[in-house]
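Q: mind folding the following:
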Amino acid sequence: MSTSSAKMVTGWHVLKIEGYSRTKGLPGRRSIQSSTFIVGGHSWYIGYFPGGMGSLGLGNTDYVSVQLNLHHPAASAEVFTQFKFSLLDHAGESVYSRSPYSGTNSIFTFSSKTISHGISGFIKKTELESLYVKDDSFKIRCDVTVIKDIHGEDDPVALLDSQVGGDVTFEVGGNIFTAHRSSVFMAQLFGPMKEKTANHVRIDDMDARVFKAMLRFMYTDMLPDMEEDEKTVMSQHLLVAADRYNMERLKLICEDMLRKRINTDIVATTLVLAEQHGCCGLKDVCFKFLISPGNLKTVMANDSFQYLKNSCPSLLDELLANVAP
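A: Numbers count the residues shown, from 1 in each chain. Predicted coordinates for the structure are as follows:
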């Protein structure tokens, strides 16, 4: 999820550690890295150190460490940043949080000379294992705020809208969108694509409005303004697009928007989406909503319930097992 002001751009990313028990044997300063994500026009990634990140592995081995890394920094650029790390529960809610040092407002400078900052003693291994590791896995979230002046040619919205310097076009639903292949914003889109060197890319099975919203998110870390009655449908379509292009942060934003809007009209279609795209927290919210006999009775009278039966019969069996006395 992202917001922006005149001088700050914020965003976050989640790294899921699966098979925690297998990572415990990694030596100090050996990390597990997340995929890259974009905040403030810069590419970042998370480093998780199961054995700590003390010098030569001699740090406090009772703790795990976490680190924020600037990916491919410009030679002369300095990036001023605030950040914090959190642990999430199964539903995606923060249950433990720490910022570097004791001050939550510390500003850190990233550059080609200093590409990383982190928290050596993020959490004790014993505490992590007893409280937060479930089914041999857990999730780490990093919130990043980039402090900058956004104006003129540095404004990513203006860059996208002006099309100046654009070197690749996308054809979506008969509409043409111009973007910047060389820009770090496009790393997320070209990563899963076969047409990495093409100047013109056709994308099928996606609405042009959905692609436009996704493209703007890549450039700005924000979704465009939408009418309230449009947010639900757009969130569903964007969730599918985010999963298709491995945009984990956008996917989580869409999940959060849908969780807040669950009602008898959309719960069945949302449950199918959650099942098909691996959104466990959203699936749990849908099940909890449907456990109420009144809600389930109303939904079963809707056309959307037939869609649920046809799309995921096994999901219907799981649902009925959950509501059975």
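Q: just the helices in the stretch 51-200 of the chain please.
A: Under the criterion DSSP state H, counting those that start in this stretch, helices of the stretch 51-200 of the chain are mapped to 125-127, 156-162, 187-190.
Q: the shortest one: which residues count as buried?
A: Spelled out, it's helix 125-127. By 16 or more other Cβ atoms under 10 Å, the buried positions in helix 125-127 come out as Lys125. Every residue, glycine included, has its C-beta placed from N, CA and C.
Q: quick one: average confidence on it?
A: Average pLDDT, helix 125-127: 94.
Q: in the stretch 151-300 of the chain, where is pLDDT below threshold?
A: For the stretch 151-300 of the chain, the stretches with pLDDT under 70 are 151-166, 180-198.
Q: show me what contacts the nearest residue to Ile147 once chain neighbours are set aside?
A: Closest residue to Ile147 apart from its sequence neighbours, by Cβ to Cβ, 6 or more residues apart in numbering: Phe80 at 4.4 Å. By Cβ atoms under 8 Å, 6 or more residues apart in numbering, the contact list for Phe80 reads Ile107, Phe108, Thr109, Val146, Ile147, Lys148.
Q: which of those has the most neighbours?
A: When neighbours are counted by other Cβ atoms under 10 Å, Val146 leads the contacts of Phe80 with 23 neighbours.
Q: check what pLDDT that residue gets.
A: At Val146, the model reports a pLDDT of 89.
Q: surely it and His42 touch.
A: Yes: Val146 is within contact range of His42, at 6.5 Å (criterion: Cβ atoms under 8 Å).
Q: state the distance from the closest residue to Leu87 other than its chain neighbours to Lys139.
A: Distances taken as Cβ to Cβ, 6+ apart put Tyr96 closest to Leu87, at 4.1 Å, once the chain neighbours are dropped. Distance from Tyr96 to Lys139, counting by Cβ to Cβ, to the nearest Å: 11 Å.
Q: shared neighbours of those two, anything?
A: Common neighbours of Tyr96 and Lys139 (Cβ under 8 Å, 6+ apart) are Leu87.
Q: just the element for Asn295, please.
A: Assigned by DSSP states H and E, Asn295 belongs to helix 293-300.
Q: which parts of that helix are buried?
A: Asn295, Leu296, Thr298, Val299.
Q: what's it packed up against?
A: Packing partners of helix 293-300 (3 or more Cβ pairs under 8 Å, 6 or more residues apart in numbering; DSSP states H and E): helix 267-276, helix 280-291.
Q: do you know which of these lies nearest Thr23?
A: Using Cβ to Cβ as the measure, helix 280-291 is the one of the helices and strands packed on helix 293-300 that comes nearest Thr23, at 20.7 Å.
Q: tell me the angle the closest one makes with helix 267-276.
A: With axes from the mean of the first three to the mean of the last three Cα atoms, to 10 degrees as the basis, helix 280-291 and helix 267-276 are set at 150 degrees to each other.
Q: helices and strands around helix 280-291, which ones?
A: On a contact count with 3+ Cβ pairs under 8 Å, 6+ apart, helix 280-291 meets helix 248-259, helix 267-276, helix 293-300, helix 313-323.
Q: can you dump the C-alpha atoms of the shortest one in CSV for me?
A: What follows is helix 293-300 as a C-alpha-only set of coordinates in CSV (Å, rounded to 0.1, in the frame of the first residue of the first chain):
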residue,chain,number,x,y,z
PRO,A,293,-26.4,-18.3,8.9
GLY,A,294,-28.1,-15.1,7.8
ASN,A,295,-25.3,-14.2,5.5
LEU,A,296,-25.0,-17.7,4.0
LYS,A,297,-28.7,-17.9,3.3
THR,A,298,-28.7,-14.5,1.5
VAL,A,299,-25.6,-15.5,-0.6
MET,A,300,-27.1,-18.9,-1.5
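Q: and it, how far from the chain's centre?
A: Offset of helix 293-300 from its chain centre (Cα atoms, centre = their mean, to the nearest Å): 32 Å.
Q: a markdown table for the helices and strands packed on helix 280-291, including distance to Ser130?
A: What follows is the helices and strands packed on helix 280-291, written out as a markdown table (distance: least, Cβ to Cβ, whole Å):
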| stretch | distance to Ser130 |
| --- | --- |
| helix 248-259 | 26 |
| helix 267-276 | 29 |
| helix 293-300 | 36 |
| helix 313-323 | 28 |
